[in-house]
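J.: sequence first, predicted model second:
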Amino acid sequence: MEIHYTLFFVIFLALAFDFINGFHDAANSIATVVSTKVLSPRFAVGWAAFFNFIAFVAFGLHVATTIGKGLILQDVVDLSMVTAGLIAAIIWNLITWWLGIPSSSSHTLVGGLAGAAIAKAGFAAVYMSSIMTITLFIFLAPILGIIASMLLSIATLHICKNAAPFKVDKYFRRLQLVSSAAYSLGHGANDAQKMMGVIFLALVSAGQLQNTDEIPLWVVLSCHGAIALGTMSGGWRIVKTMGQKITKLRPFEGFSAETAGAITLFGTALAGIPVSTTHTITGCIIGSGAIKRLSAVRWKVTLNLLWAWILTIPVSALLGAIIYKLM
């Protein structure tokens with residue numbers, strides 16, 4: 001029976017991570033819509049949580065498949081390794097949440113699992129091509145977000161150049177409801193799916209599923225439910241960093257940032273690339289702020305965020321390796 005208790009513990013940890021991911025990344029979904037005062041914080045988290053939950057209806061399980069089948073060799077996976085990776089990811093997530101740093105839950109998870117696998121069986125235990133692709137998108141996702149956000153902001157300014165400012169503000173306050181919903185769909189399609197892949201790994205290693213099986217519906221629903229509940233609880237330390245410290249946004253800029261973020265996340269979700277929703281929306285906010293003038297972006301804050309992004313995978317991997325050895 002020991003393996004079953006361990007399996008239950010791993011599933012509990014995975015859902016706990018999803019819940020923490022929800023309140024850690026609540027800022028990603030609501031920072032722009034709150035900072036522009038389109039929605040109150042309480043209503044905004046409920047709005048984001050709903051669209052986080054229904055994301056599985058709109059997207060396939062491509063990201064979950066990458067985590068469950070394309071990150072670590074199946075022969076290496078066992079429950080101790082998955083447990084160590086999850087604990088490492090949870091520790092780093094809580095540290096960065098406490099410090100108010102919007103780091104990547106996705107890269108935390110990838111680093112923790114990879115570190116535990118390497119500690120068990122060496123570097124041959126992981127698919128390095130997948131690790132390199134995920135690492136590359138630490139930089140590509142925010143760059144794509146910056147470019148898309150700047151283009152959308154410039155196009156919006158051109159379209160609205162002869163309109164009265166109060167009318168522009170009025171229309172884009174309504175449009176931000178749509179853009180924030182779209183972004184939350186992209187967030188759910190990326191972040192909730194990572195834990196589906198982890199639970200699938202645990203079920204396969206416990207002999208409950210075969211590697212060729214589909215991810216069960218109860219796993220899909222429980223992961224989306226956990227991240228939605230986490231989003232409902234909010235992460236106000238990070239909301240302040242994302243919504244106020246990087247740059248100040250007007251409704252049309254918030255719309256451009258959220259729409260650019262949604263487009264980026266839709267593309268990576270369909271491609272099955274586990275990217276950071278945090279990195280993506282940060283790049284989009286920077287892009288919207290930079291069209292006013294470069295000095296509108298607080299680059300010191302942005303540089304601190306960049307260091308946190310760079311350190312996340314190696315620090316999480318080290319934690320995962322240490323915890324696996326201790327276990």
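T.: Alright, I've got the coordinates. Nothing here was measured: the structure is a model prediction, and the numbers come from that model. Numbers count the residues shown, from 1 in each chain.
J.: where does this structure dip in pLDDT?
T.: For the chain, the stretches with pLDDT under 70 are 1-3, 24-32, 35-36, 101-103, 234-249, 292-305.
J.: what ranges does this structure have for its strands?
T.: Under the criterion DSSP state E, the chain contains no strands.
J.: dead centre of it: give me the residue that sits there.
T.: residue 277 (3.7 Å; CA atoms, centre = their mean).
J.: hang on, that residue packs against residue 187?
T.: Yes: when contacts are counted by CB atoms under 8 Å, residue 277 is listed as touching residue 187 (4.8 Å). The C-beta positions use only the backbone N, C-alpha and C, and glycine is treated the same way.
J.: circling back: show me what contacts the residue nearest to the centre of the chain?
T.: For residue 277, the contacting residues are 25, 28, 104, 106, 186-187, 190-191, 261, 265, by CB atoms under 8 Å, 6 or more residues apart in numbering.
J.: distance check, it against residue 129.
T.: 23 Å (CB to CB, to the nearest Å).
J.: do the same with residue 265
T.: Here the criterion is CB to CB. By it, residue 265 lies 22 Å from residue 129.
J.: what does residue 280 give?
T.: Distance from residue 280 to residue 129, by CB to CB: 22 Å.
J.: these two: who's more crowded?
T.: Shown here are residue 280 and residue 129; by other CB atoms under 10 Å, residue 280 has more neighbours (34 against 9).
J.: list the contacts for residue 59?
T.: 185, 189, 266, 269-270 are the contacts of residue 59 under CB under 8 Å, 6+ apart.
J.: most remote residue from the protein's center?
T.: The chain, farthest from centre, CA atoms, centre = their mean: residue 162 at 37.7 Å.
J.: can you give me the buried ones in the longest helix seen in the chain?
T.: Secondary structure of the chain per DSSP state H: the longest helix is helix 128-159. Buried residues in helix 128-159, counted by 16 or more other CB atoms under 10 Å: 130-131, 133-135, 137-138, 140-142, 144-146, 148-150, 152-153, 156.
J.: residue 146 reaches residue 289, doesn't it?
T.: No: counting by CB under 8 Å, residue 146 stays clear of residue 289, with 10.0 Å between them.
J.: residue ranges for the helices of the stretch 51-200 of the chain, please.
T.: 55-58, 62-69, 79-98, 105-121, 128-159, 165-187, 193-205 (DSSP state H, counting those that start in this stretch).
J.: one step back: CSV for the contacts of residue 277, including distance to residue 214 and neighbour count?
T.: Listed next are the contacts of residue 277 as CSV, based on distance: CB to CB, whole Å; neighbours: other CB atoms under 10 Å:
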residue, distance to residue 214, neighbour count
25, 27, 32
28, 29, 33
104, 27, 32
106, 22, 30
186, 23, 30
187, 23, 30
190, 20, 28
191, 20, 35
261, 29, 34
265, 23, 30
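J.: next, format the residues you listed as CSV and append distance to residue 325.
T.: As requested, those are exported to CSV (distance: CB to CB, whole Å):
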residue, distance to residue 325
25, 30
28, 33
104, 25
106, 24
186, 37
187, 34
190, 31
191, 28
261, 38
265, 35
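J.: which of these sits closest to residue 57?
T.: residue 186 (13.5 Å; CB to CB).
J.: any idea how far residue 8 is from that closest one?
T.: 31 Å.
J.: ok, now residue 48?
T.: In terms of CB to CB, residue 48 sits 29 Å off from residue 8.
J.: next one: residue 56
T.: 23 Å.
J.: equivalent analysis for residue 182, please.
T.: Separation of residue 182 from residue 8 (CB to CB) stands at 36 Å.
J.: which one's more surrounded, those two?
T.: Between residue 182 and residue 8, counted using other CB under 10 Å, residue 182 has the larger neighbour count: 19 against 12.
J.: quick check: closest non-adjacent residue to the more buried one.
T.: residue 262 (3.7 Å; CB to CB, 6 or more residues apart in numbering).
J.: in stretch 92-110, what counts as buried?
T.: For stretch 92-110, by 16+ other CB under 10 Å, it's 92-93, 96-97, 100-110.
J.: that one: end-to-end distance?
T.: 12 Å (CA to CA, to the nearest Å).
J.: list the residues that contact the nearest residue to residue 316 once chain neighbours are set aside.
T.: Nearest residue to residue 316 in three dimensions, chain neighbours excluded: residue 111, at 3.0 Å (CB to CB, 6+ apart). Counting by CB under 8 Å, 6+ apart, residue 111 makes contact with 88-89, 92, 312-317, 319-320.
J.: of those residues, grab the buried ones for PyMOL.
T.: A single PyMOL command selects the buried members of the contacts of residue 111 (16+ other CB under 10 Å):
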select buried, resi 88+89+92+312+313+315+316+317+319+320
